[in-house]
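Chemist: here is my input, please return the structure:
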Amino acid sequence: MDADKVLDSLFTGCHRAGEKCALYRPDDEVADIRARVDSLLDRLRDEPALVFSPEAVMPTMITYSDIKRLMFGVLYAPSVFPIIAVVLDDLYRERNIAAMVNPVDVAPLCASEFKMLTYPTDGGRSVLCSDEQMAVS
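Modeler: Below you'll find the predicted structure:
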């Protein structure tokens, strides 16, 4: 019921923590921290972040919805906000993003014994499995 109040308290706590909070900048007010996060969300809404992990064959996309879901989870576990603050700050500064994303393992989808509830088209499965083969090579 009070999700906005909880989120506000996280920004207030970040401000109080000062430089211990990754989203904090010198001379920030609480509104500056919130504006920084809102700016990140606006940017991701307009254009998701593409992440190229050295371990993955294909890029991973970080979307507005991904971050909103992450922030929603923080409302139920405020103690992890310092970690989320690092993630948000790295995304905001567009740095160290690849370290946040684990490569997707598509190998199980290509195994003959794998049974999907909904099946991709032949073309979709071919592309997916050939990408997986390229990753192994």
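Chemist: looking at this structure, which helix is longest?
Modeler: helix 30-46 (DSSP state H).
Chemist: same for that helix, what does it pack against?
Modeler: helix 3-17, helix 64-76, helix 81-93 (3 or more C-beta pairs under 8 Å, 6 or more residues apart in numbering; DSSP states H and E). Glycine gets a C-beta too; all of them are placed from N, C-alpha and C.
Chemist: out of the ones you listed, deepest packed?
Modeler: Mean neighbours per residue, mean count of other C-beta atoms under 10 Å, is largest over the helices and strands packed on helix 30-46 for helix 81-93, with a mean of 18.
Chemist: put the alpha carbons of that one into PDB.
Modeler: Written as PDB, here are the backbone C-alpha positions of helix 81-93 (Å, rounded to 0.1, in the frame of the first residue of the first chain):
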ATOM      1  CA  PHE A  81      19.100  -1.400  -1.500                       C
ATOM      2  CA  PRO A  82      22.900  -0.700  -1.200                       C
ATOM      3  CA  ILE A  83      23.500  -3.400  -3.800                       C
ATOM      4  CA  ILE A  84      20.700  -2.200  -6.100                       C
ATOM      5  CA  ALA A  85      22.100   1.300  -5.700                       C
ATOM      6  CA  VAL A  86      25.400   0.100  -7.200                       C
ATOM      7  CA  VAL A  87      23.500  -1.600 -10.100                       C
ATOM      8  CA  LEU A  88      21.500   1.600 -10.800                       C
ATOM      9  CA  ASP A  89      24.500   3.800 -10.600                       C
ATOM     10  CA  ASP A  90      26.500   1.600 -13.000                       C
ATOM     11  CA  LEU A  91      23.600   1.600 -15.400                       C
ATOM     12  CA  TYR A  92      23.300   5.400 -15.000                       C
ATOM     13  CA  ARG A  93      27.000   5.900 -15.700                       C
END
